[in-house]
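Novice: I'd like to go over a predicted model; first the sequence, then the structure.
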Amino acid sequence: MPMRMIFLTLTGALVALGLSVAAVSLAQGLVDQAIAFAWPSLGAALAASLAWPAMRGSTPS
């Protein structure tokens, strides 16, 4: 399995987990906790999207 696919899968899982925990917290009325869990996962998605073009040439297809 190429390294890019592993990286994308792990990043997607991290973002999904963070947003899921944020949604559960928000449903319970814990707005501060929801924000605390949501922004790092969205930051990870942004970092992955910025790193994606740099990874394009790093592994052979």
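Specialist: Nice, thanks for sending it over. Residues are numbered from 1 along each chain as shown.
Novice: contacts only, for the residue nearest the centre of the chain.
Specialist: Centroid check for the chain by C-alpha atoms, centre = their mean gives V15 as the closest residue, at 2.9 Å. Each residue near V15 by C-beta atoms under 8 Å, 6 or more residues apart in numbering is listed here: 41-42, 44-45. (Each C-beta comes from the backbone N, C-alpha and C, glycine too.)
Novice: list only buried entries from those residues.
Specialist: Among the contacts of V15, the ones that count as buried by 16 or more other C-beta atoms under 10 Å are 41, 44-45.
Novice: wait, V21 touches I35, no?
Specialist: No - using C-beta atoms under 8 Å, V21 makes no contact with I35, being 11.6 Å away.
Novice: which one of the two is surrounded by more residues?
Specialist: Neighbours were counted for V21 and for I35 using other C-beta atoms under 10 Å; V21 has more, 16 against 12.
Novice: gap between the closest residue to the more buried one other than its chain neighbours and P2?
Specialist: Nearest residue to V21 in three dimensions, chain neighbours excluded: F37, at 4.6 Å (C-beta to C-beta, 6 or more residues apart in numbering). F37 is 30 Å from P2, where distance means C-beta to C-beta, to the nearest Å.
Novice: who has more neighbours out of these two?
Specialist: F37 (20 against 11).
Novice: what's the pLDDT at that one?
Specialist: In the predicted model, F37 carries a pLDDT score of 83.
Novice: kindly report the same for Q28.
Specialist: 90.
Novice: tell me, how many residues neighbour it?
Specialist: 10.
Novice: thinking again about what came up before, now, among the buried ones among the contacts of V15, which is nearest to V31?
Specialist: S41 (16.2 Å; C-beta to C-beta).
Novice: follow-up on the earlier one: how about CSV for the buried ones among the contacts of V15, with pLDDT and secondary structure added?
Specialist: Listed next are the buried ones among the contacts of V15 as CSV, based on pLDDT from 0 to 100; DSSP: H, G, I helix; E, B strand; the rest coil:
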residue, pLDDT, secondary structure
S41, 83, helix
A44, 80, helix
A45, 80, helix
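Novice: which residue is the nearest non-sequential neighbour of A51?
Specialist: That would be F7: by C-beta to C-beta, 6+ apart, it lies 7.9 Å from A51.
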